[in-house]
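Q: From the sequence below, what's the structure:
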Amino acid sequence: MKNILFSNRPIATDLGLLFLRLASGGIMAYSHGWGKLQKMLGGDMSFADPIGMGEEASLVLTVFAEFVCGILVALGLLTRAALVPLIITMLVAVFVIHADDPFSKQEFGLLYLVPYLTLFLAGPGKLSLDKKLG
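A: Residues are numbered from 1 along each chain as shown. Model (predicted):
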């Protein structure tokens, strides 16, 4: 335990990246993506259209990012590629949808954006499917 908590050894870094992936990807998929996926599968395609692509396209892309890419990030599978739609979605949420809102409304998107950018730069770590599949 001492080696994990008080060292800069790769296992501590890889465990940190694993927890970051599981939390940020898993929570996104479950608490944001799942509800939107159910809405979409139920035939309700009404959704915000913040960048002028149409409601349906915005919903489909958001479900892809939040649900599908969230799961991929949690698993550590195609991690960096899966982070790109999540990063774009959070940038749109913070700087387009909530651009005129107080910081307290922007904060939530930023709290997802930071780990996604961190994982994009650091990679998924050794405890990921990316590493296992080569």
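Q: Now do the helix or strand harbouring A81: which elements does it pack against?
A: Element membership for A81 (DSSP states H and E) is helix 79-92. Packing contacts for helix 79-92, counted by 3 or more CB pairs under 8 Å, 6 or more residues apart in numbering; DSSP states H and E, involve helix 55-63, helix 70-75, helix 103-122. Yep, even glycine has a C-beta here, placed from its N, CA and C like the rest.
Q: what's the most buried one of those?
A: Stretch with highest mean neighbour count among the helices and strands packed on helix 79-92: helix 70-75 (a mean of 23; mean count of other CB atoms under 10 Å).
Q: Does it pack against any helices or strands, and if so which?
A: Packing partners of helix 70-75 (3+ CB pairs under 8 Å, 6+ apart): helix 10-27, helix 79-92.
Q: for M53, phi and psi?
A: Note on M53: its backbone torsions stand at phi -100, psi -10 [degrees, to the nearest 10].
Q: Let the chain start at 59 from now.
A: Understood, numbering begins at 59; the last thing we discussed is M111.
Q: Verify the contact between it and L117 for me.
A: No: M111 lies out of contact with L117 (CB atoms under 8 Å); the separation is 9.9 Å.
Q: And the helices and strands packed on helix 128-133: which comes nearest V126?
A: helix 137-150 (7.8 Å; CB to CB).
Q: quick check: angle from that closest one to helix 161-180?
A: Between helix 137-150 and helix 161-180, the angle comes out at 160 degrees (axes from the mean of the first three to the mean of the last three CA atoms, to 10 degrees).
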